[in-house]
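# Any chance you can model this:
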Amino acid sequence: MKKLFAFVSILFFGVLLFSSCSKCDTPAITQLKPEDQKWLPYEQGKSVRFVNELGAAVLFTCTSTTTAYVPAEGYSFSDKCIDKQNTEASCIIQDTKNQYPPLGMFILRSPNNFIVQVAAESRGSWEID
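Sure thing, here's the model as predicted:
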């Protein structure tokens, strides 16, 4: 009888544990608009020439393009359920001779806002108004 009681208790606890897990609904995602992509003019593998302060051409190549969903305002990655997500996209370009720091362009689309930032590795990032 003790074994049966222990077995039933464990079975009941297991059912309770697995049935009490909350299920998250599919989050609402704010997608990028077609005109947003114009802020990321470089495609991965494509190159662009810049002119440095001495007037010499410097070749940069787009080494990374990404698009990701990030938690919307009021949510964080550690939340169990995230009901709303925004879309973030980026493009990283690097000097082919590694004489200059990598540069990045980042965009974030939320329901009420559109943010564009440029960044230089180890130098900082700046939001474009």
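# ok, now which ones touch Cys62?
When contacts are counted by Cβ atoms under 8 Å, 6 or more residues apart in numbering, Cys62 touches 42-48, 91-93. C-beta coordinates here come from the backbone N, C-alpha and C atoms, glycine included.
# If we use 7 Å, what do you get?
42-46, 91, 93 (Cβ atoms under 7 Å, 6 or more residues apart in numbering).
# can you tell me how far Pro34 sits from Thr87?
Counting by Cβ to Cβ, to the nearest Å, the separation of Pro34 from Thr87 is 13 Å.
# likewise Asn112?
Separation of Asn112 from Thr87 (Cβ to Cβ): 14 Å.
# on that earlier part again, are any of the contacts of Cys62 buried, and which?
By neighbour count, with 16 or more other Cβ atoms under 10 Å, the contacts of Cys62 hold 42, 91, 93 as buried.
# so which strand or helix has the last one?
When elements are assigned from DSSP states H and E, Ile93 belongs to strand 84-95.
# which residues are in contact with that strand?
Strand 84-95 is contacted from outside by 27-32, 40, 42, 48, 58, 60-72, 75, 102-110, using Cβ under 7 Å, 6+ apart.
# Buried subset of the residues you listed, written for ChimeraX?
Remark: buried members of those, expressed as a ChimeraX selection using 16+ other Cβ under 10 Å:
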select :30,32,40,42,60,62,65,71,72,75,102,103,104,105,106,107,108,109,110
